[in-house]
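>>> Quick check, what structure comes out for this input:
(one chain, ligands or ions: 1)
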Amino acid sequence: MFTVTTTQVTLVQIDNYGPWTTTPEPRREMDLQTLQSRLFADVAQFLGHRDAYVFFTRFDNMIAVTNGVDGAAHATLQESIGNRYPVSVSLGTAVAERPVDALEAANRRLQTEGSAQDENRTEVLAGEYLSETERSDLQVAHFDVVNATGKYTDRLNEFDTFINIERAYGSLMRHLREAHGALSFFVGGDNIIAVCPNLPESAFASAVAHVEDNVDIELQVGVGRGASAHEAGFAAKHALEDCRHDGTSVELFGAPAVSD
Ligand SMILES: Nc1nc2c(ncn2[C@@H]2O[C@H](COP(=O)(O)OP(=O)(O)OP(=O)(O)O)[C@@H](O)[C@H]2O)c(=O)[nH]1
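Presented below is the predicted three-dimensional model:
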């Protein structure tokens, strides 16, 4: 049983995208949205087939959790995007116990090569990748709002529902980032996926209590462990089903988290 979690994070950054969006004149917004969402879908499909996760974040920058995906696969992804899109991407990868530390190091690999808006800094492929022997588990938490349909979707207009969900997300993402170096991502509906270091059950109970105190929105969370984002995330989804079934706010599934 692994007690230390290790997260391999890849930053996907569109090269020199800002200037491209306005050259030779501003491009139609829905064309940019189409490009961004298709690029996200392609990256998600490529990495998803390799049991990794990617989150769209700001679309021009996406954050991926790539435990088990090696340098050759990253090179293939980069080449394939460059062949098929009017833009290219740079990929920075790093490994750390806390996801935010892995992201910092991954980000730095691109930042030291030049600006995101430097036309000469394109297709950087820089990284360290976990080898087979170095691999350990990672921890993923899948949060959702308790009865979002009854409290919000079926009662409020969609925009006011969205405000409530975003308030919960904002409160949770900041708390987990500051308290634990975890990275949380809104993934649609009322769902938030957090990539975490090795945290005990009490940390998740505190996070749920923090959001309730802070913005008066009730969350439940399933936590999973696994060798890949998919494995950990899938265990988390099963644990979340246990919350729904048992009416609990935190459930751990698979490998136990560290004791309190
Ligand atoms: N990304 C993602 N979205 C989901 C998932 N499950 C549900 N959703 C989204 O969340 C919305 C609300 O679904 P639920 O969370 O099941 O509904 P709820 O009313 O909050 O019910 P409980 O979660 O049982 O309290 C759905 O419309 C989907 O958009 C999931 O596993 N992943």
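
>>> what sits against residue 54?
Residues near residue 54 by CB atoms under 8 Å, 6 or more residues apart in numbering: 12, 40, 43-44, 47-48, 62-65. Yep, even glycine has a C-beta here, placed from its N, CA and C like the rest.

>>> distance of residue 28 from residue 22?
Using CB to CB, to the nearest Å, one gets 12 Å for the distance from residue 28 to residue 22.

>>> returning to what we had before: what's the closest of the contacts of residue 54 to residue 239?
residue 65 (17.8 Å; CB to CB).

>>> Show me the beta-bridge partners of that closest one.
The bridge-partner assignment for residue 65, based on DSSP bridges, gives residue 9, residue 53.

>>> Give the burial count for it, as a bare number.
30 (other CB atoms under 10 Å).

>>> Which residues are in contact with it?
Residue 65 touches 7-10, 52-54, 99, 138, 140, 195, 229, counting by CB under 8 Å, 6+ apart.

>>> same thing but 7 Å
7, 9, 52-53, 138, 195, 229 (CB atoms under 7 Å, 6 or more residues apart in numbering).

>>> Kindly state the domain boundaries assigned to the protein.
7-134, 138-252 (automatic domain parsing).

>>> ok, residue 100 touching residue 176?
No. At 9.5 Å, residue 100 does not count as touching residue 176 under the criterion of CB atoms under 7 Å.

>>> before we move on, the earlier item: the ligand is nearest to which of the domains of the chain?
domain 138-252 (2.3 Å; CB to the nearest ligand atom).

>>> Report the mean confidence score over that closest one.
The average pLDDT within domain 138-252 is 97.

>>> what distance separates that domain from the middle of the whole chain?
Distance of domain 138-252 from its chain centroid, counting by CA atoms, centre = their mean, to the nearest Å, is 13 Å.

>>> Ends of that domain, what's the gap?
13 Å (CA to CA, to the nearest Å).

>>> what does this structure put close to the ligand?
Within the chain, the positions lying close to the ligand (CB under 6 Å from any ligand atom) are 144-150, 187-191, 237, 244.

>>> which residues does the residue lying closest to residue 12 once chain neighbours are set aside contact?
Using CB to CB, 6 or more residues apart in numbering and skipping residues adjacent in sequence, the residue nearest residue 12 is residue 62, 4.3 Å away. By CB under 7 Å, 6+ apart, the contact set of residue 62 is 12, 40, 43, 54-56.

>>> Confirm residue 62 sits in a strand?
Yes. Secondary structure of residue 62 (DSSP: H, G, I helix; E, B strand; the rest coil): part of a strand.

>>> Make residue 1 into 274 and carry on from there
That works, and once the first residue is 274, the last one we named lands at residue 335.

>>> Can you give me the neighbour number for the closest residue in space to residue 332 that isn't next to it in sequence?
Residue nearest to residue 332 in three dimensions, not counting chain neighbours: residue 309, with 4.1 Å by CB to CB, 6+ apart. Neighbours of residue 309 under the rule other CB under 10 Å: 18.

>>> name the element residue 309 belongs to?
helix 302-321 (DSSP states H and E).

>>> That helix to strand 334-338, inter-axis angle?
Calculated by axes from the mean of the first three to the mean of the last three CA atoms, to 10 degrees, helix 302-321 forms an angle of 20 degrees with strand 334-338.
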